[in-house]
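sequence and predicted structure, then a few things I'm wondering about:
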Amino acid sequence: MKQLDLLPRLGIRALDVLRGMGHATFFVIDLMRNSLSAITRPFLTIAQIHAIGNRSLVIILASGLAVGFVLALQGYYTLSRYGATASLGLVVALSLVRELGPVVTALLFAGRAGTSLTAEIGLMKAGEQLAAMEMMAVDPKARVLAPRLLAGIISMPLLAAMFSAVGILGGYVVGVLMIGIDPGAFWSQMQNGVDAFDDIGNGIVKSFVFGVACTVVALYQGFEATATPEGVAEATTRTVVISSLLVLSLDFVLTALMFSAPG
Amino acid sequence: MNKDALVQLDHVTFGYDRRRVVLHDIAMAFPRGKVIAIMGGSGCGKTTLLRLIGGMLTPTKGRIMFDGEHVNPRDREALFRLRRRVGLLFQFGALFTDLTVFDNVAFPLREHTELPPLMVRDLVLMKLNAVGLRGVAQLKPADLSGGMARRVALARAMALDPELIMYDEPFAGLDPISLGVAANLIRELNDATGGTSLVVSHDVRECFKISDYVYVMSAGRVVGHGTPAEVEASEDPEVRQFIRGEPDGPVKFHYPAKPFVQDLGLSA
Amino acid sequence: MGRKGVETLVGLFVLLGILAILFLALRAANLGNFVVGKTYEVTASFDNIGGLKVRSPVKSAGVTVGRVKSIVLDTKTYQGAVTMELEQNMLFPSDTSAKILTSGLLGDQFIGLVPGGSDKNLEAGSVIKLTQSAVLLENLIGQFLYNKAADPPETAPAPGK
């Protein structure tokens, strides 16, 4: 009877998931250990920052600008009902710095850099490059994975800051230059309302955490991918899905921790 | 323990899990300085053997000795030392696609030695010259043909002058000229360096041409061994079927299935 | 692309990132408002500090002259003891009073200093004696109802103690 089958199958699935999580944990610990030695080979990391960070610039800056435009527009429509359009700068800045900057950057990163990392590592595995490296007594985790991890962790906060900065400028363009809000009010309300440590500092911490999460997921999926074209395709899909869910859940947890009601 | 043997497999059994046992009680000894061929049909466990020797897998039973030392994948230090003395040539080369041919061959030198760049350059060119590909040093692996890629991989495997080189199907898919080049290279390099070469292949003709000793495997067991002449003359049915390329014999033509009449729906 | 080229581009990337962070911190946030230079501390106690926070501004005539450093409950008097840092060159008479005011109708709260007329000035460690607590919405509503209930409304009650 199918129902009787369900429970043991669920049990097996649950065990599989647990085993997967344990495997992933060992992977992460091993990776962290190797990252320390990767610091002694800076050029490998620098080359990866180029591949991950520089190549993401266009999409991040373009998206930041677009989000800034839209925030200013939507913010204006809503604030004008309460006659509070002078606060537009503040609304745009807080939305970006606290939430949209870190989160949207992380989602875009997962899609652009994350899938690229997963595919690259998966294909290296399929072409036996990782095995060849092992046979030459070079640990692929140290030589291939660790520099990419460091690059991701370094790039993400920088990209998020650029996203927010460009978004604020975009908001300025729409709010002040196009709609005609007073520039003085735009900047002064923003400056008085955005706290350097609480808002910007926490935003940077968030993007740092997201950077670790997204890069680790991408590297893990690539490293564990089945060495076939279908396997790599599946792995890249999983990277995007898991990274995105992880970012959104972490965002909730971090926001609750950081921005709890002032005492 | 056979002192003459660089590598010895002592009753090695291996399976990926309890159900799939790939190698059964293998006993082999590979003498120093010789070219030894390991032959057999697909799926007989030849490639698994190379990975066991290289420490990428752990035998379920038995042990593997390299130069008198036990190959133990859990001992990272010893494994590291072992791998610097061994080169493995993968079936399709496994070159690093993001590096040039030069950088590929230089990789082991840069990772494991502190040699100055000029010396590295000289060594790389020497190795490439030995395989006849000094002219492609600045190309990327994607620009090379299959045969050329494998030769570059050979240069890379030789970069640290290993005592043992293992070749995983070096002849698979090559045209006649490349076949001749590859066989020639394996034999000449072995004699020039005084090292030991293990060739895993199912190309009977080329292997017999260049090997000093041959092992024939089938379904995870050794079914015959000896010099090429001895194996050629073997009476063992499995060895004969393989050497002569007979389509049916101990290895059946038909994969096990229901009787044909039953499949067609005609009952007897 | 050669090694030098890659390093230059990455350097550029990191520089852009740092500039973005600096832009956010200085132009978009209140970092510029922080008091630089030497400060001296004075304290004041309030019955109710309302929504006053650490790092809230201290203003006089609307001009920021300092920041709130810490807020602690004094367990002897059960008042909120607020420690403020004032800019060194901003001197106030020793009978200056401190009120907790709200910027705008529903904005953040800050401390407003109204200078007195004494000859001596506040120094490091001085205590401001005259204070006016924050106006709480509940008290306002309560007073409004009270006043409505009584006949001609009395003069506005004395500043809450």
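Happy to help now that I have it.

what sits against the residue of chain B found nearest chain C?
Across chain B, the shortest distance to chain C (Cβ to the nearest Cβ) belongs to residue B:103, at 11.8 Å. Bear in mind the C-beta positions are built from the backbone N, C-alpha and C, glycine included. Contacts were defined as Cβ atoms under 8 Å, 6 or more residues apart in numbering or on different chains; by that measure residue B:103 touches residue B:96.

restricting to C-alpha, output the helix or strand that contains it in PDB.
Following DSSP states H and E, one finds residue B:103 within helix B:101-112. The C-alpha atoms that make up helix B:101-112 are tabulated as PDB, following Å, rounded to 0.1, in the frame of the first residue of the first chain:
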ATOM      1  CA  VAL B 101      50.500  24.800 -22.700                       C
ATOM      2  CA  PHE B 102      53.600  26.300 -21.100                       C
ATOM      3  CA  ASP B 103      51.800  27.200 -17.900                       C
ATOM      4  CA  ASN B 104      50.300  23.700 -17.700                       C
ATOM      5  CA  VAL B 105      53.700  22.000 -18.000                       C
ATOM      6  CA  ALA B 106      55.200  24.500 -15.600                       C
ATOM      7  CA  PHE B 107      52.500  23.900 -13.000                       C
ATOM      8  CA  PRO B 108      54.100  21.100 -11.000                       C
ATOM      9  CA  LEU B 109      57.500  22.900 -11.100                       C
ATOM     10  CA  ARG B 110      56.000  26.100  -9.800                       C
ATOM     11  CA  GLU B 111      53.900  24.400  -7.100                       C
ATOM     12  CA  HIS B 112      56.500  22.100  -5.800                       C
END
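
alpha carbons only: can I get the helix or strand following it in PDB?
On the C-terminal side of helix B:101-112, the nearest following helix or strand under DSSP H and E is helix B:117-130. As requested, the backbone C-alpha atoms of helix B:117-130 are provided in PDB (Å, rounded to 0.1, in the frame of the first residue of the first chain):
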ATOM      1  CA  PRO B 117      61.600  31.500 -13.500                       C
ATOM      2  CA  LEU B 118      64.400  31.200 -16.000                       C
ATOM      3  CA  MET B 119      65.200  27.700 -14.900                       C
ATOM      4  CA  VAL B 120      61.500  26.800 -15.000                       C
ATOM      5  CA  ARG B 121      61.400  28.100 -18.500                       C
ATOM      6  CA  ASP B 122      64.300  25.900 -19.600                       C
ATOM      7  CA  LEU B 123      62.900  22.800 -18.000                       C
ATOM      8  CA  VAL B 124      59.400  23.400 -19.500                       C
ATOM      9  CA  LEU B 125      60.900  23.800 -23.000                       C
ATOM     10  CA  MET B 126      63.000  20.600 -22.500                       C
ATOM     11  CA  LYS B 127      59.900  18.600 -21.500                       C
ATOM     12  CA  LEU B 128      57.900  20.000 -24.400                       C
ATOM     13  CA  ASN B 129      60.800  19.200 -26.700                       C
ATOM     14  CA  ALA B 130      60.900  15.600 -25.500                       C
END
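
ok, helix B:117-130 near chain A or not?
No: applying Cβ under 8 Å from any Cβ of the partner chain, one finds that helix B:117-130 is not in contact with chain A, the shortest distance being 13.8 Å.

beyond that helix, next helix or strand please.
Taking DSSP H and E as the definition, the helix or strand that follows helix B:117-130 towards the C-terminus is helix B:146-157.

that next one packs against which elements?
Using 3 or more Cβ pairs under 8 Å, 6 or more residues apart in numbering or on different chains; DSSP states H and E as the contact criterion, the elements in contact with helix B:146-157 are strand B:86-89, helix B:101-112, helix B:117-130, helix B:176-193.

which one of these lies nearest to residue A:47?
Evaluated with Cβ to Cβ, the helices and strands packed on helix B:146-157 place helix B:101-112 nearest to residue A:47, the distance being 12.5 Å.

buried residues in that closest one?
For helix B:101-112, the neighbour count (16 or more other Cβ atoms under 10 Å in any protein chain shown) marks B:101, B:102, B:103, B:104, B:105, B:106, B:107, B:108, B:109, B:112 as buried.

what does chain A put close to chain C?
Along chain A, the residues adjacent to chain C under the rule Cβ under 8 Å from any Cβ are A:43, A:46-47, A:49-50, A:53-54, A:57, A:93, A:97, A:154-155, A:157-159, A:161-162, A:164-166, A:168, A:187, A:190-196, A:199-200, A:204, A:262.

among these, which ones are in helices?
Secondary structure from DSSP state H places A:43, A:46-47, A:49-50, A:57, A:93, A:154-155, A:157-159, A:161-162, A:164-166, A:168, A:187, A:190-193, A:204 of the residues of chain A next to chain C in helices.

which among the residues you listed end up buried?
Among those, those buried by neighbour count (16+ other Cβ under 10 Å) are A:46-47, A:49-50, A:57, A:93, A:154-155, A:157-159, A:161-162, A:164-166, A:168, A:187, A:190-193, A:204.

if anything else comes up later, I'll come back, but that's it for now.
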